[in-house]
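> The following comprises the amino acid sequence and a computationally predicted model.
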Amino acid sequence: MVDDGSHAVPDLTVPLIGHDEALPAFVTARSQGRLHHAWLITGPKGIGKAGLAWRLAAALQSGALPADSAGTDLFGEGAPTAGFVLDPGHPAVRLIAAGAHPGVLYLSRSVDAKTGRMKRDIGVDQVRRLGPFFGQTATDAPWRIVIVDAADELNPSSANALLKLLEEPPKRALLFLVSHVPGRLLPTIRSRCRTLAIRPIAGDRLTQWLIAESGHAVSADDAALLARLSAGAPGRALMLVREDGATLYRALTGLLSAGSGIDTLMILSAGLAAPKEETRYRLFLTLLTDFLGRFVRFLATGETDGLDADDVALFQTMRQRGGLDRWLELWEKTNHLAERADVVNLDRKQLLIGLLSDFTGLAA
């Protein structure tokens, strides 16, 4: 069952990339009959943590990962790095893909009925649903599996409610806690979980994967740029491909490098503020805050590791237009406004014009 819409379930037929350490650790624990009741899946956003949780749930519920197996049915060519493949025709896999499996419950932030917007956290009432869920006996599902995405968004009350379940886990119960920043979780929650850490994927490997996944529709230069912008996270890289992130990023750096006039700034802001451009608008804010974060680190340390030659050249120019304190102030302002845009009904066009005017004024 999906707590807030079946859109949360990824395409289970798409092979995973990476997870080279996490997958074998889980498969080994299962094959040796040492499957822990709670798993903390950590790594950057877009790295594939929730995707891994859904696939492991599907593998367990469909019997593709029995306790006496090394799990080779799950891996292409018998190697974890070759991918993670499930039988899409299996009834359990089909139910999970539809968000309708009675033995799988997905918890995430829900929509506030009064405002129509996403709530800021996962509430205690949602976590309390787990008690009746784990108590079900009317289905043939071999496991009761809960995916919490993301556990970082639990509020104090819901975190304590979850802790009680972790302390006294029901039989045949399994919890996957997705966490972008595990340090935000209660230490007592972390201590009761086994950790599956997912590492960023090397740039060259991700670049080649993006080219292949796009059917060679993405150029090598664009794929390399998007792999770098995604910080090794394949989910984020694919989203950048879908939303033409390379063009957005070049528009951003063009504004900052050329000190473009008000007409260019207005056209870009108006286009991104259109209702149908919700995803690209949020992506642009993310690209902007990430770019400024890299620039602030460059100003503070002078280090160029992980930067390409074009970014370094632009940073060298921008550093002449303002000191660290001023750029740090603008970076913090951008982060604050980007976060508020999720909660408060801010005028997108005016927000972008205000931010970009500040940045282009300094960068010109």
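Sure, I can see it.
> correct me, but His90 touches Ser62?
Yes - with contact defined as Cβ atoms under 8 Å, His90 counts as touching Ser62 (4.4 Å). In this view, the C-beta of every residue, glycine as well, is placed from N, C-alpha and C.
> Common neighbours of those two, please.
Both His90 and Ser62 lack any common contact, where contact means Cβ atoms under 8 Å, 6 or more residues apart in numbering.
> what about the two, which has more around it?
Using other Cβ atoms under 10 Å, the more surrounded residue of His90 and Ser62 is Ser62, with 20 against 17.
> And the more buried one, how far from Pro142?
Relative to Pro142, Ser62 is positioned 9 Å away (Cβ to Cβ, to the nearest Å).
> Same question for Asp221.
48 Å.
> Between those two, point out the one with more neighbours.
Pro142 (14 against 10).
> pretty sure that one is touching Leu60, no?
Yes - contact criterion Cβ under 8 Å: Pro142 and Leu60 qualify, at 7.0 Å.
> Phi, psi for Asn155 please.
phi -90, psi 170 (degrees, to the nearest 10).
> pLDDT wise, what is it at?
Asn155 carries a pLDDT value of 96.
> quick one: it and Val127 touch, right?
No - look at Asn155 against Val127 with Cβ under 8 Å: they stay out of range, at 9.6 Å.
> Compare those two and say which one has the larger neighbour count.
Between Asn155 and Val127, Val127 has the larger neighbour count (other Cβ under 10 Å), namely 23 against 15.
> So the more buried one is in contact with Leu162, correct?
Yes - between Val127 and Leu162 there is a contact under Cβ under 8 Å: 5.2 Å.
> Quickly list what's touching both of the two.
Joint contacts of Val127 and Leu162 (Cβ under 8 Å, 6+ apart) are Leu154.
> Quickly note the distance from Trp209 to Ile47.
Taken as Cβ to Cβ, the span from Trp209 to Ile47 is 13 Å.
> same question for the one helix or strand Arg94 maps to, mean pLDDT?
Here Arg94 sits within helix 91-97, counting by DSSP states H and E. Average pLDDT, helix 91-97: 93.
> Check stretch 193-201 too.
Here the average pLDDT along stretch 193-201 is 94.
> Please spell out which residues along it are buried.
Cys193, Leu196, Ile198, Pro200, Ile201 (16 or more other Cβ atoms under 10 Å).
> swap in stretch 309-329?
Result for stretch 309-329 [16+ other Cβ under 10 Å]: buried residues Asp311, Leu314, Phe315, Met318, Arg319, Arg321, Gly322, Trp327, Leu328.
> which SS class is the closest residue to the second one other than its chain neighbours?
The shortest distance from Leu314 to any non-neighbouring residue, by Cβ to Cβ, 6 or more residues apart in numbering, is to Ser257 (5.2 Å). Reduced to three states with DSSP: H, G, I helix; E, B strand; the rest coil, the structure at Ser257 is helix.
> ok, now Leu238?
helix.
> For stretch 316-332, measure first residue to last.
Its start and end residues considered, stretch 316-332 measures 21 Å (Cα to Cα, to the nearest Å).
> hmm, who's touching it?
256-257, 289, 292-293, 295-296, 298-300, 355, 358-359, 362-364.
> farthest-separated two in the residues you listed?
Ala300 and Ala364 (22.5 Å; Cβ to Cβ).
> who's more crowded, those two?
Ala364 (15 against 11).
> The stretch 251-364 of the chain: helices as residue ranges?
For the stretch 251-364 of the chain, the helices defined by DSSP state H, counting those that start in this stretch occupy 262-273, 278-301, 309-318, 324-340, 348-363.
> Kindly state which of those helices is positioned closest to Gly135.
helix 324-340 (37.7 Å).
> Quick check: which ranges of the stretch 201-350 of the chain have low pLDDT?
By pLDDT under 70, the weakly predicted segments of the stretch 201-350 of the chain are 258-263, 341-345.
> and the gap between Ile96 and Arg172?
17 Å.
> Is Leu177 in a helix, a strand, or coil?
Taking three-state DSSP, the label given to Leu177 is strand.
> for Ala113, same thing?
coil.
> Tell me how far it lies from Lys119.
10 Å.
> Which one's more surrounded, these two?
Legend: neighbour count by other Cβ under 10 Å for Ala113 and Lys119, higher for Lys119 (18 against 7).
> ok, now which ones touch that one?
Lys119 touches Arg109, Ser110, Val111, Asp112, counting by Cβ under 8 Å, 6+ apart.
> and those, which are buried?
Arg109, Ser110.
> how about the contacts of Lys119 in CSV, adding pLDDT and distance to Leu86?
Formatted as CSV, the contacts of Lys119 follow (pLDDT from 0 to 100; distance: Cβ to Cβ, whole Å):
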residue, pLDDT, distance to Leu86
Arg109, 92, 27
Ser110, 88, 28
Val111, 83, 30
Asp112, 82, 34
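> Which of the contacts of Lys119 sits closest to Leu186?
Checking the contacts of Lys119 one by one against Leu186 (Cβ to Cβ), the nearest turns out to be Arg109, at 18.4 Å.
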